[in-house]
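Trainee: Below is the sequence, then the predicted model.
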Amino acid sequence: MIKVLSRGSKWLVCAVLVTIAPLAATTARQALAQAASAAAPLAPGAAKVAVQAAGVPAAPLAPSAVATPSAPSAPALTPAAMPAAPAVDTGAALPSAPGASVPNAQPAAASDTMAAGSPAPSQTGDETALPSSDGVNPRSPGLMLNSDSTPADVGADPFAEPPPPPPKTPEQIEAEIRSRAYDAAVTGLLPLRPGEIRKLLETYDKTQQAVEIPVYPYPKPQVVIQTVSLDPGSQPLEIKVATGHVSTLNVMDVTGAPWPIQDMSWAGNFEIVQPETGGAVLRITPMSEFAYGNISIRLIGLSTPVTFIMKAHRDVVQYRFDARIPQFGPNAKPPVIQGGLNIAAGNSILAGFLEGVAPDGAERLKVDGVDGRTSAYKYASETYVRTPLTLLSPGWSSSVSSGDGMNVYQLRDAPVLLLSEEGEMKRARLSDKDAGDRASAEKDQTK
């Protein structure tokens, strides 16, 4: 009886195991499929770790189960690749219960026979059965994990936040605040770099140059000496001025001595600097491009006022205008010869020689015995001598002087001149320049 019960218990246990085995096999097959899918893009070592973590016994993967980077999911596993269920020892002593029946004993035996007849999975397969090329493992062509990877490295969270930095000391915080404040101050006060500042200044200089340079050429400067006519009905002399230039009016008498100005008045857009007491020099500056006006001057000891026209020009400007009054002023120099000074307004010949411009037809003479400041001309049977020295002999018929001390003497033909320079006597010889050249040429030919 006991034997019958023991045998019945064994059959009961076998029936229970046969019923649970398919469920366990299905659960193990799902776990293995998940582990293979997760380990497909990894290296063989990492896949092995993943399978072991899933709790499934390690088994070699079939070549068809190897995943490539282009296949996101692993292929289904074959039943041959699944691990076999552990064999049940039916001969082991199990406790028996009286009256137990085993209704499914025969199907269980059949299941055991089928499980026993199934071929066992190969445990000798190599994980690197596929050939490798250029050092790339075919089981993980997309990732090259280190072979010494550990489960801890594989399980690290790549999205975890880094640890917070260590707290800063009060000194570090103060230094950082000061640095930021300094940078903000420099950026606010000096926003431009040195190279940008230089470029800005160059652009400003070009703009200023374009604005200040006139569109017309600069006027040509002149220095003139003219004799003022005191006759009624005569045309006043014109002083040519220009914007941005100062013209000087110098009033002198017939001897070249300055004639002091008593008072003056003018009209027009001009700026005129009046002379000091006893002075004879005025400075005139126009204040517009087309300034026009006149000036009236009253001289000491002269009853007739002297008038001039002031007009702004663009082509010419008179830097110095020497206005000579054909009379002796209060500061006149006494003449060496009485009646020698005789100049009237409109005597363009003497005025031309005084300004250094000889009239047409004048012949220049050769002067020996003095320096180059003295020159002589022959014009209309008269000799004109231009020199800063004082002529003592021969006597002259007319003479004129400028404010800078230059003199022009008109006299008859004279081969020898007696001049004086600061009390020193000098003798000058005049000769025909062409005649002297011809004599020298004839002398050379005779030799």
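Mentor: On my side now, so go ahead.
Trainee: where along this structure do the helices fall?
Mentor: 2-39, 44-53, 105-117, 151-154, 170-189, 194-212, 348-355, 433-446 (DSSP state H).
Trainee: Flag whichever of those has the least confidence on average.
Mentor: When those are compared by mean pLDDT, helix 105-117 comes last with a mean of 42.
Trainee: how's this structure carved up into domains?
Mentor: Domain ranges of the chain: 2-154, 220-324, 357-446, per automatic domain parsing.
Trainee: rank these by mean pLDDT and give me the bottom one.
Mentor: Among the domains of the chain, domain 2-154 scores lowest, at a mean of 50.
Trainee: So what would you say the end-to-end distance of stretch 409-425 is?
Mentor: 18 Å (C-alpha to C-alpha, to the nearest Å).
Trainee: Return the set of buried residues in it.
Mentor: For stretch 409-425, the neighbour count (16 or more other C-beta atoms under 10 Å) marks 409-411, 414, 417, 419 as buried. The way it works is simple: take the backbone N, C-alpha and C, and place the C-beta from them, glycine included.
Trainee: And those residues, which two are furthest apart?
Mentor: Largest separation among the buried residues of stretch 409-425 by C-beta to C-beta: Gln410 and Leu419, giving 15.7 Å.
Trainee: Val400 contacts Val385, correct?
Mentor: No - look at Val400 against Val385 with C-beta atoms under 8 Å: they stay out of range, at 11.6 Å.
Trainee: which neighbours do these two share?
Mentor: Shared contacts of Val400 and Val385 (C-beta atoms under 8 Å, 6 or more residues apart in numbering): Val408.
Trainee: that older thread, out of the buried residues of stretch 409-425, which one sits closest to Asn331?
Mentor: Closest approach between the buried residues of stretch 409-425 and Asn331, by C-beta to C-beta: Tyr409, at 21.3 Å.
Trainee: Return the residues in contact with the closest one.
Mentor: Contacts of Tyr409 by C-beta under 8 Å, 6+ apart are 384-385, 387, 391, 396, 398-399.
Trainee: Give the bridge partners for it, please.
Mentor: On the basis of DSSP bridges, Tyr409 is bridged to Val385, Ser399.
Trainee: Could you give the bridge partners of the residue lying closest to Tyr292 once chain neighbours are set aside?
Mentor: The shortest distance from Tyr292 to any non-neighbouring residue, by C-beta to C-beta, 6 or more residues apart in numbering, is to Lys311 (5.2 Å). Lys311 has these beta-bridge partners by DSSP bridges: Lys240, Tyr292.
Trainee: Lys311 and Val241 touch, don't they?
Mentor: Yes - contact criterion C-beta under 8 Å: Lys311 and Val241 qualify, at 7.1 Å.
Trainee: who has more neighbours, these two?
Mentor: Comparing Lys311 with Val241 by neighbour count (other C-beta atoms under 10 Å), the higher total belongs to Val241, at 25 against 16.
Trainee: Verify the contact between Thr390 and Leu417 for me.
Mentor: No - Thr390 lies out of contact with Leu417 (C-beta under 8 Å); the separation is 10.9 Å.
Trainee: just the buried residues of stretch 409-425 now: which is nearest Pro260?
Mentor: Set against Pro260, the nearest of the buried residues of stretch 409-425 by C-beta to C-beta is Tyr409 (26.9 Å).
Trainee: what about the closest one, distance to Ile349?
Mentor: Distance, Tyr409 to Ile349, by C-beta to C-beta, to the nearest Å: 12 Å.
Trainee: Now the common contact residues for these two.
Mentor: Tyr384.
Trainee: All good on my end, thank you.
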